[in-house]
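Undergrad: here is the input, now give the coordinates:
(one chain, ligands or ions: 1)
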Amino acid sequence: MAGVAGRLARRWCSGALRSPLQITRFPALQLHVCGPAMRASQKDFENAMNQVKLLKKDPGNEVKLKLYALYKQATEGPCNVPKPGVLDFINKAKWDAWHALGSLPKETARQNYVDLVSSLSASSESSGQVTPAADRKQPGSDALVVTSRDGITTITLNRPDKKNALTPQMYHDIMLALEAASKDDSAITVLTGNGDYYCSGNDLTNFTDIPPGEVEERARSGAVLLRDFVDCFIDFPKPLVAVVNGPAVGISVTLLGLFDIVYATDRATFHTPFSHLGQSPEGCSSYTFPKMMGPSKATEMLVFGKKLTAREACTQGLVTEVFPDSTFQKEVWVRLKAYSKLPPNAMRISKQVIRNREKEKLHAINAEESSILQERWLSDECMNAIVNFLSKKAKL
Ligand SMILES: CCCCC/C=C/CC(=O)SCCNC(=O)CCNC(=O)[C@H](O)C(C)(C)COP(=O)(O)OP(=O)(O)OC[C@H]1O[C@@H](n2cnc3c(N)ncnc32)[C@H](O)[C@@H]1OP(=O)(O)O
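TA: Residues are numbered from 1 along each chain as shown. The predicted structure follows:
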């Protein structure tokens, strides 16, 4: 086994399965499963599969083989496929691992899978047992991962290779996730990013491949989507926390004015390059930013595109607290777990007392900003900026 593991390590470490994210592309871990629950429920199992995608550290080949074997056993039962040839190292190692589980019942394999993922999560920064909060419609792609544990529902942007830029599918999935989180039994909802960025804002390739006759219609439907998306944040009934794990750009910054708490690593920056892009502010920032930081500081950000450090953003009221990057995850999650144990109804009602009197105004501002942006998207200034980005001339 040592020789095979060594060859596997070389193959995996030099190939497609190197990073923790890539573990999720291990095809067997993606399949859907069914069957009755004994101990770990189907939901626990699905949550565990989502957790695997978020592991910060590569667990190593032995553990990956164990996960593979348990997954196969839990979903298909005892190994029932022919043994691969001796030179087919990877498939043979996988087959060996699965075959070694003998007649282990599916339910036990599922439980063992959940336990193993839980122990891996606990030993990485995102610790804690994953538990289902409510029946949740899973997002339509891997670009968003939703988990619930310790009374906290966490929505994680999971497109690290694109700095978590937001695609139309992600806008829809975030809305669905917020809708589900508003009804589940968690006390707090968190939005965060996987990888080195929190979010690089709207995916600028959303503006490509639009047939000439459809530009206006695309701008109109984009504005409707934007308005609906921001409305979900305005109306969200429970404490909403942004865990800003790295730089934030565009709409991911403007939305922060609608969060109840914003925790940021000292590595984060806050950048709204709207004028550079021929665009205009959204996310109600034309109202929340001047209110928070005064009109001239808001103008520096929203009109001149001044990029703030985390400490500057904290001084100006956009960020609640800044943590050293080395302890960010640990400190923030300890804090949030403690908050999540407070009486949930009291927290929800207090949030509403603080926020409700602004709601109508925010909806009106959102509608206005969306309609102005719809016009901006049709402007030459905006088109030229997108072309510049796409041709890699502009790094903002
Ligand atoms: C419903 C519609 C609602 C619309 C709401 C409107 C919102 C407005 C905004 O959000 S405006 C903000 C738009 N975002 C930006 O302008 C950021 C653009 N990106 C960058 O400037 C840089 O990529 C960076 C500073 C974020 C990171 O630079 P770095 O050099 O560290 O990394 P790369 O540039 O190599 O990025 C890695 C890959 O990620 C792709 N990418 C990053 N951000 C975006 C993005 N916003 N849209 C599309 N793609 C993005 C980048 O192209 C690289 O991809 P590649 O590896 O395939 O080249």
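Undergrad: neighbours of V243, just the number please.
TA: For V243, the neighbour count with other C-beta atoms under 10 Å is 22. (C-beta placed from N, C-alpha, C; glycine too.)
Undergrad: list the contacts of the strand or helix carrying it.
TA: Assignment of secondary structure by DSSP states H and E places V243 within strand 240-244. Outside strand 240-244, the residues that touch it by C-beta atoms under 8 Å, 6 or more residues apart in numbering are 188-193, 198, 233, 255-256, 258-265, 268, 310, 319, 332, 336.
Undergrad: looking at the residues you listed, which are in strands?
TA: With DSSP state E as the criterion, strands contain 188-193, 261-265 from among the contacts of strand 240-244.
Undergrad: going by neighbour count, which of these comes out on top?
TA: In terms of neighbour count, A264 stands highest of the ones in strands among the contacts of strand 240-244 at 31 neighbours, by other C-beta under 10 Å.
Undergrad: ok, it - contacts?
TA: When contacts are counted by C-beta under 8 Å, 6+ apart, A264 is found next to 244, 310, 313-314, 319, 321-323.
Undergrad: for the ligand, what are the nearby residues on the stretch 151-300 of the chain?
TA: Residues of the stretch 151-300 of the chain lying near the ligand by C-beta under 6 Å from any ligand atom: 162-163, 165, 171, 200-205, 222, 225-226, 249-251, 273, 277, 279, 282.
Undergrad: before we move on, back to that, highest neighbour count among the contacts of A264?
TA: For the contacts of A264, the largest number of neighbours (other C-beta under 10 Å) sits with V244, at 32 neighbours.
Undergrad: any idea what that residue is bridged to?
TA: Residues in a beta bridge with V244, per DSSP bridges, are A264.
Undergrad: for the closest residue to the ligand within the stretch 201-350 of the chain, phi and psi?
TA: In the stretch 201-350 of the chain, the residue found nearest to the ligand is G250; the distance is 2.2 Å by C-beta to the nearest ligand atom. With angles defined as degrees, to the nearest 10, G250 sits at phi 60, psi -130.
Undergrad: what's the neighbour count on it?
TA: 25.
Undergrad: what about the closest residue to it other than its chain neighbours, how many residues nearby?
TA: When the adjacent residues along the chain are set aside, G250 lies closest to G201, with 2.4 Å between them (C-beta to C-beta, 6 or more residues apart in numbering). Applying other C-beta under 10 Å, we find 24 other residues in the vicinity of G201.
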